[in-house]
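Q: Fold the following for me, if possible:
(one chain, ligands or ions: 3)
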Amino acid sequence: MEVRAKAPGKIILAGEHAVVHGSTAVAASIDLYTYASLQFPPLSDNDDTLKLQLKDLNLEFSWSVGKLKEAFPVDSGCIPLSPTACSPECFRIIAALVKEHNIPEAKIGLAAGVTAFLWLYTCIIGYKPAKVIVTSELPLGSGLGSSASFCVSLSAVFIALSGCVNLDLNKKGWFMFVDSELDLVNKWAFEGERLIHGKPSGIDNTVSTFGNVIKFRSGTLTRIKSSMLLKMLITNTKVGRNTKALVASVSERKLRHPDAMTAVFTSMDSISNKLATILESPAVDELAITEKEVLLEELMEMNQGLLQCMGVSHASIETVIRTTLKYKLSTKLTGAGGGGCVLTLLPTILSKTIVDKVKAELESCGFQCLTAAIGGNGLEICFGGSS
Ligand SMILES: Nc1ncnc2c1ncn2[C@@H]1O[C@H](COP(=O)(O)OP(=O)(O)O)[C@@H](O)[C@H]1O
Ligand SMILES: C[C@@](O)(CCOP(=O)(O)O)CC(=O)O
Ligand SMILES: [Mg+2]
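A: Ligands and ions are numbered 1, 2, ... in the order given. Alright, predicted model coming up:
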């Protein structure tokens, strides 16, 4: 029996970082996915290993399940239906199991992902031989939520074959979990994100699980019925960065300047709420759409200014902002910043010729432009081989 899952990445339209400190943020899924598949070997195989293949990264990990069992001196106490945080003791054990694999220095960031994998697998499935294959269309560590979609797709395939939810294993094609199952996946994915990010808000795993455009505050999601067809140009500066370090740096700045930073987070909350209201308000004609786009552009600029205040912009991001401004277009970073991806709103009246010119100029600076549909389905799963 094989099960597969696809979980989307995301863009944050407003409120990144501030959302970690209790402000509202608005995010949308994008049609770039992480795919995970899980297969148990036939009993006759006598194979006692748990294998993780990161196919597009050309890396393979395996552990004997007997060794895994031995490594955990005490039962981790996990129950698949009750997601729990990884204790410091379990974290140490898993980190040692990951370290044995000598991940090449250039790819050392993956250790956090492999740690999350081992935690989620042993908690949800236990100590059973299996082969797990992961592939991703998302650039890793670029602000498009690869870590969350990795955790969501893994949690989904583990829960699907854990026996703790009632599923029709003969169901054909891609389908969606019901809300209670999505909730369970989302909670486990959040625990995985904690191992990768340290202090995630939960917005990335939530939008990857549930899809659409969402407003998110302190763990609570509100679906937004957007009346606008948003077109964003996504530019990857290709400057590597790490969400965990950036989130920690904002918390440190907050400790040094609590009043100023609290005011920044409060402003960010207002920006996100206003943005959500604009997206939801009906637009009767083209003029109304243009007026709404102008307001959105202003909010994106204000959002970017506040992210600069938090210290998470970067020279490469500023270059994209300056370049797009020449065409009177507004740009903000998305995700944790420090490099990674930025968003430029493409107004509906903008001609294809201008879009092509902007892209060409950005690409001539060494950046990579991506296009993605916004606000589609969240997590989907599928039993059996490829379809
Ligand atoms: N396909 C994957 N395989 C293994 N680890 C992954 C994968 N996708 C994401 N990760 C983990 O997530 C990290 C990147 O997450 P993060 O810094 O939050 O950036 P983002 O979520 O914006 O891509 C990677 O360094 C790795 O540890
Ligand atoms: C900076 C933050 O708001 C988003 C991080 O997104 P990403 O991992 O950079 O894709 C952190 C969070 O909300 O958990
Ligand atoms: Mg992330």
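
Q: from here on, contacts and neighbour counts on C-alpha atoms
A: Will do.

Q: Could you give the number of residues near Leu346?
A: Using other Cα atoms under 10 Å, Leu346 has 20 other residues around it.

Q: got it, and the one 10 residues further on?
A: Summarising burial for Asp356: neighbours were counted as other Cα under 10 Å, giving 11.

Q: Need the three-state assignment for it.
A: At Asp356 the chain is in helix, as set by DSSP: H, G, I helix; E, B strand; the rest coil.

Q: so where do the strands sit in the protein?
A: In the chain, the strands defined using DSSP state E lie at 2-14, 25-39, 49-54, 59-64, 130-136, 213-217, 220-224, 232-236, 331-333, 341-345, 368-370, 380-383.

Q: Only C-alpha atoms, please: export the fourth one in PDB.
A: The reference is to strand 59-64. Coordinates of each C-alpha in strand 59-64 appear next as PDB, following Å, rounded to 0.1, in the frame of the first residue of the first chain:
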ATOM      1  CA  LEU A  59      20.100  12.400  -0.500                       C
ATOM      2  CA  GLU A  60      19.000   9.200   1.200                       C
ATOM      3  CA  PHE A  61      18.900   8.400   4.900                       C
ATOM      4  CA  SER A  62      18.100   5.000   6.600                       C
ATOM      5  CA  TRP A  63      17.900   3.800  10.200                       C
ATOM      6  CA  SER A  64      17.300   0.300  11.400                       C
END
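
Q: Quick one: distance of that strand to the chain centre.
A: 24 Å (Cα atoms, centre = their mean, to the nearest Å).

Q: That one and ligand 1, any residue contact?
A: No - counting by Cα under 6 Å from any ligand atom, ligand 1 is not contacted by strand 59-64; separation bottoms out at 9.2 Å.

Q: Paired strands for that strand, with orientation please.
A: Here strand 59-64 has these sheet partners by DSSP bridges: strand 49-54 (antiparallel).

Q: what's the average pLDDT for the partner strand?
A: On average, the pLDDT along strand 49-54 is 98.

Q: Contacts for that strand next, please.
A: Outside strand 49-54, the residues within contact range by Cα atoms under 8 Å, 6 or more residues apart in numbering are 59-65, 128-135.

Q: hey, which of the strands of the chain is tucked in deepest?
A: strand 331-333 (a mean of 31; mean count of other Cα atoms under 10 Å).

Q: for that one, the distance to its chain's centre please.
A: 17 Å.

Q: just stretch 86-101 next, same as before
A: 23 Å.

Q: Please apply the same query to stretch 137-147.
A: 7 Å.

Q: Kindly report the same for stretch 108-115.
A: The answer for stretch 108-115 is 15 Å, by Cα atoms, centre = their mean.

Q: Could you pull up the mean pLDDT of it?
A: The model assigns stretch 108-115 a mean pLDDT of 97.

Q: Give me the contact status of that stretch with ligand 2.
A: No - Stretch 108-115 is not in contact with ligand 2 by Cα under 6 Å from any ligand atom; minimum separation 12.1 Å.

Q: Are that stretch and ligand 3 in contact anywhere?
A: No - using Cα under 5 Å from the ion, stretch 108-115 never reaches ligand 3; the gap is at least 10.2 Å.

Q: Using PDB, write out every CA atom in that stretch.
A: Listed next in PDB are the C-alpha coordinates belonging to stretch 108-115 (Å, rounded to 0.1, in the frame of the first residue of the first chain):
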ATOM      1  CA  ILE A 108      23.500  21.100   6.700                       C
ATOM      2  CA  GLY A 109      20.300  23.100   6.900                       C
ATOM      3  CA  LEU A 110      18.500  19.900   5.900                       C
ATOM      4  CA  ALA A 111      19.300  18.400   9.300                       C
ATOM      5  CA  ALA A 112      16.400  20.300  10.900                       C
ATOM      6  CA  GLY A 113      14.000  18.800   8.300                       C
ATOM      7  CA  VAL A 114      15.300  15.300   8.800                       C
ATOM      8  CA  THR A 115      14.900  15.800  12.600                       C
END
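
Q: Check whether that stretch comes near ligand 1.
A: Yes - judged by Cα under 6 Å from any ligand atom, stretch 108-115 and ligand 1 are in contact via Gly109, Leu110, Ala111, Ala112, Gly113.

Q: tell me which residues of that stretch are tucked away?
A: Across stretch 108-115, burial judged by 16 or more other Cα atoms under 10 Å covers Gly109, Leu110, Ala111, Ala112, Gly113, Val114, Thr115.

Q: Check the gap between the fifth one and ligand 2 for me.
A: For Gly113, the distance to ligand 2 equals 12 Å [Cα to the nearest ligand atom, to the nearest Å].

Q: Now that residue. Nearest residue, chain neighbours left out?
A: Excluding the flanking residues, the one nearest Gly113 by Cα to Cα, 6 or more residues apart in numbering is Ile196, at 6.3 Å.

Q: Ok, the third one next?
A: On the basis of Cα to Cα, 6+ apart, the spatially nearest residue to Ala111 that is not a chain neighbour turns out to be Val98, at 6.6 Å.

Q: I figured that neighbour hits Gly109, correct?
A: No - proximity of Val98 to Gly109 does not meet the contact threshold set by Cα atoms under 8 Å, at 11.9 Å.

Q: bridging residues for the residue lying closest to Thr331 once chain neighbours are set aside?
A: Sequence neighbours aside, Thr344 is the residue nearest to Thr331 in space, at 4.3 Å (criterion: Cα to Cα, 6+ apart). Going by DSSP bridges, Thr344 is paired in beta bridges with Leu233, Thr331.
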